[in-house]
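*Asks:* 3D, please:
(chains A and B)
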Protein chains: 2
Amino acid sequence: MEVVANAKAMTELSLRWRDSGRSIGFVPTMGALHAGHLSLVEISKSMADRTVVSIFLNPAQFTEDEDLGRYPVSMEEDQRLLRKAGVDALFLPGSEEIYPDGFSTWVEVEGMTANLCGEYRPGHFRGVTTVCTVLFDIVRPDLAVFGQKDAQQLAVVRRLVRDLKLGIEIVAGPIVRESDGLAMSSRNMYLTPLQRTEAAAISRGLGFVREAVSRGVLDSEELVRNFRSETDSRPGLLVQYARLVHPETMEDLDRIEGRALFAVAVYSGETRLIDNVLLEPGTDPMEV
Amino acid sequence: MEVVANAKAMTELSLRWRDSGRSIGFVPTMGALHAGHLSLVEISKSMADRTVVSIFLNPAQFTEDEDLGRYPVSMEEDQRLLRKAGVDALFLPGSEEIYPDGFSTWVEVEGMTANLCGEYRPGHFRGVTTVCTVLFDIVRPDLAVFGQKDAQQLAVVRRLVRDLKLGIEIVAGPIVRESDGLAMSSRNMYLTPLQRTEAAAISRGLGFVREAVSRGVLDSEELVRNFRSETDSRPGLLVQYARLVHPETMEDLDRIEGRALFAVAVYSGETRLIDNVLLEPGTDPMEV
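*Replies:* Have a look, this model is predicted:
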């Protein structure tokens, strides 16, 4: 695995691969890697000739009162995992490589970033779309893999790539879960053992939503009640949002008519956890 | 000359050229071509193996009360001029090709777009930087040529390309002038014969600024007085701004210390004309 810190060197490596006919898959991360990230790497490896992973803890996507300062860092372990997974190149830029002195260009997707996480994390998606554009322009991949857990991010990046004609295929990786159902996240490390046990109620609540839909429940408010029946009884959990939305536009839906996304953000103490389930009436719902 | 309306077809043509080792120069325009545009084409042809010109009247860079609806269109004559100039491809997209249904991604350069034209045309540069990013991603050029007449646009596009790591060389084309000094612009067509005569005072005023600097005048206010001594006596001319700024950051300067840009916007009736001169004390000033 080549470890590349310099943006120009990364672009040159990618162009060498392209010139020799190799396709490039890309998995951008913020480090603190877990099995969810590694599943995205596996998808990239199965679809492309070369796989590039980036680790960049992007300050621009954290709001002021968030956990940038204590976000977990495990660089040695991350590198060990990526080598073992057979990644071809790790792009590991310093902050000045991505945001040089005088950096002042911002990429923003409007509308679909106003709901859900965008509502509660002002500026978050602007940081995501800006850094993704810069990383895409450096790595020049044919495809990039993003986790379905961050469903709004996935939809926003898809729109970004379409609108700016970046010519990159955006591939969704299914949510990877712990044995009790909790969606894998670098932030799960923040949880105390008690919080960790309680947090499993989030995916159980989404399971109730999925079951309700399979029984024919299509009304948004009733689905929210199904979800909250599991979470509201846990004193340590605080639901920030639980909403039925269109899976591409992120617009609120009153009821399910076609494909829909039920997305939630739940606080366990100071730790903010997100999760979601894709729903489609009349077909087998996707597993939670 | 190939005329290409479809974005995918344009990208494929560019990639074919790149694959066969040809470098690509790009001149984005809004049509209504004049000798200024053709000089940019000549620069591209002298620097790259293939030259692509785009004609796209970009609605996003006009503010609501501006001249989008009456902007001159001369498509047949434009195509004749580009063929004669030996352009390899004309990219001529429809509006839906650049802004498809649901388009919601915007690229913005902050800070340096707040002064000069940015101050008086809110949203203008956001439209410019968004369409340039989309056009660059479609055409994939090695270099792009922009006119020095739009000095702020040139600086903003340079910042955009640097920040987003687009890997495109931005080349400045010198201002091309009519025989009486008026900077060439598609908007000069709006002028009546009387306005056309008066408008030459703008470049004469910039000539006074240049001469004052060569005499050792470095103070911004005194340079503005030199410029306005020529324009303020013409009843048909109204100066919107006349400012000394840093040529890269567009920040106001109180006096010349290194390279500086003296930039102006002047109304003749309803027609807004811009012009500028690059100044550097102690060296031969650039010609106006």
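*Asks:* From here on, just use CA atoms for contacts and neighbour counts.
*Replies:* Noted.
*Asks:* how about the residues of the stretch 1-150 of chain A that lie near chain B?
*Replies:* A:98-100, A:103-111, A:133-134, A:137-138 (Cα under 8 Å from any Cα of the partner chain).
*Asks:* Out of these, name the ones that lie in strands.
*Replies:* A:105-109 (DSSP state E).
*Asks:* Closest to A:Asp88 out of those?
*Replies:* A:Val107 (28.6 Å; Cα to Cα).
*Asks:* wait, isn't that closest one in contact with B:Trp106?
*Replies:* Yes - with contact defined as Cα atoms under 8 Å, A:Val107 reaches B:Trp106; the gap is 5.7 Å.
*Asks:* Counting neighbours around each, name which of those two comes out higher.
*Replies:* Neighbours per residue, other Cα atoms under 10 Å in any protein chain shown: of A:Val107 and B:Trp106, the larger number sits with A:Val107, 24 against 20.
*Asks:* how near is A:Asn58 to A:Arg80?
*Replies:* Using Cα to Cα, to the nearest Å, we find A:Asn58 at a distance of 22 Å from A:Arg80.
*Asks:* likewise A:Arg243?
*Replies:* 38 Å.
*Asks:* thinking again about what came up before, nearest to A:Ser229 among the residues of the stretch 1-150 of chain A next to chain B?
*Replies:* Taking those together and measuring to A:Ser229 by Cα to Cα, the closest member is A:Gly111, at 30.7 Å.
*Asks:* mind listing what A:Gly31 touches?
*Replies:* When contacts are counted by Cα atoms under 8 Å, 6 or more residues apart in numbering or on different chains, A:Gly31 touches A:55-57, A:72-75, A:78.
*Asks:* of the residues you listed, buried ones?
*Replies:* Neighbour counting by 16 or more other Cα atoms under 10 Å in any protein chain shown classes A:55-57, A:72, A:78 among those as buried.
*Asks:* And the helices in the stretch 151-288 of chain A?
*Replies:* Secondary structure of the stretch 151-288 of chain A (DSSP state H, counting those that start in this stretch): helices at A:151-163, A:193-214, A:220-231.
*Asks:* Doesn't A:Pro28 lie inside a strand?
*Replies:* Yes - assessed by DSSP: H, G, I helix; E, B strand; the rest coil, A:Pro28 belongs to a strand.
*Asks:* So what pairs up with it in the strands?
*Replies:* Judged by DSSP bridges, the bridge partners of A:Pro28 are A:Ser54.
*Asks:* Correct me if wrong: it contacts A:Val53.
*Replies:* Yes - taking Cα under 8 Å as the definition, A:Pro28 is a contact partner of A:Val53 at 5.6 Å.
*Asks:* if you count what's nearby, which of the two comes out ahead?
*Replies:* Neighbour totals were compared for A:Pro28 and A:Val53, and A:Val53 leads with 27 against 22 (other Cα under 10 Å).
*Asks:* distance of the residue nearest the centre of chain A from A:Gly36?
*Replies:* Nearest residue to the geometric centre of chain A (Cα atoms, centre = their mean): A:Asp150, 3.2 Å. Note on A:Asp150: its distance to A:Gly36, by Cα to Cα, is 11 Å.
*Asks:* now A:Glu97
*Replies:* Taking Cα to Cα, one finds A:Glu97 at 27 Å from A:Gly36.
*Asks:* for chain A, what are the low-confidence residue spans?
*Replies:* A:282-288 (pLDDT under 70).
*Asks:* Run through the helices of the stretch 1-150 of chain A in chain order.
*Replies:* With DSSP H, counting those that start in this stretch as the criterion, the stretch 1-150 of chain A has helices at A:7-19, A:35-47, A:75-84, A:95-98, A:116-120, A:124-139.
*Asks:* Highest mean neighbour count out of these?
*Replies:* Compared across these, helix A:124-139 shows the largest average neighbour count, a mean of 22 (mean count of other Cα atoms under 10 Å in any protein chain shown).
*Asks:* Quick one: list the elements packing against it.
*Replies:* Identification of packing neighbours for helix A:124-139 by 3 or more Cα pairs under 8 Å, 6 or more residues apart in numbering or on different chains; DSSP states H and E yields helix A:7-19, strand A:24-29, strand A:105-109, helix A:151-163.
*Asks:* okay, the angle between the shortest one and helix A:124-139?
*Replies:* Right, strand A:105-109. 120 degrees (axes from the mean of the first three to the mean of the last three Cα atoms, to 10 degrees).
*Asks:* what packs against strand A:105-109?
*Replies:* So strand A:105-109, by 3+ Cα pairs under 8 Å, 6+ apart, packs with helix A:124-139, helix A:151-163, strand B:105-109, helix B:151-163.
*Asks:* a markdown table please, covering the ones you listed and showing distance to B:Arg210.
*Replies:* Below are the helices and strands packed on strand A:105-109 laid out as a markdown table (distance: least, Cα to Cα, whole Å):
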| stretch | distance to B:Arg210 |
| --- | --- |
| helix A:124-139 | 40 |
| helix A:151-163 | 44 |
| strand B:105-109 | 30 |
| helix B:151-163 | 17 |
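*Asks:* So which of the ones you listed is nearest B:Leu15?
*Replies:* Nearest to B:Leu15, of these and by Cα to Cα, is helix A:124-139 at 16.0 Å.
*Asks:* Give me the neighbour count for whichever residue of the stretch 151-288 of chain A sits closest to chain B.
*Replies:* The nearest approach of the stretch 151-288 of chain A to chain B comes at A:Leu164, 4.8 Å away (Cα to the nearest Cα). Look at A:Leu164: counted by other Cα under 10 Å, it has 26 neighbours.
*Asks:* correct me, but it touches B:Thr133?
*Replies:* Yes - if you go by Cα under 8 Å, A:Leu164 and B:Thr133 touch, sitting 6.8 Å apart.
*Asks:* Among the contacts of A:Gly31, which one sits closest to A:Leu237?
*Replies:* Nearest to A:Leu237 out of the contacts of A:Gly31 is A:Pro72 (Cα to Cα; 21.9 Å).
*Asks:* For the closest one, give me its contacts.
*Replies:* Counted by Cα under 8 Å, 6+ apart, A:Pro72 has contacts A:31-32, A:186-187, A:189.
*Asks:* What residues does the residue of chain A most remote from its centre make contact with?
*Replies:* The C-alpha centroid of chain A is most remote from A:Ser20, which lies 31.3 Å away (Cα atoms, centre = their mean). By Cα under 8 Å, 6+ apart, no residues touch A:Ser20.
*Asks:* B:Asp19 versus that one, what's the distance?
*Replies:* 11 Å.
*Asks:* Also A:Arg159?
*Replies:* Taking Cα to Cα, one finds A:Arg159 at 28 Å from B:Asp19.
*Asks:* same deal with A:Arg22?
*Replies:* For A:Arg22, the distance to B:Asp19 - Cα to Cα - is 14 Å.
*Asks:* do A:Ala35 as well
*Replies:* 38 Å.
*Asks:* before we move on, the earlier item: quick one: which of the helices of the stretch 1-150 of chain A is nearest A:Ala263?
*Replies:* helix A:116-120 (7.9 Å).
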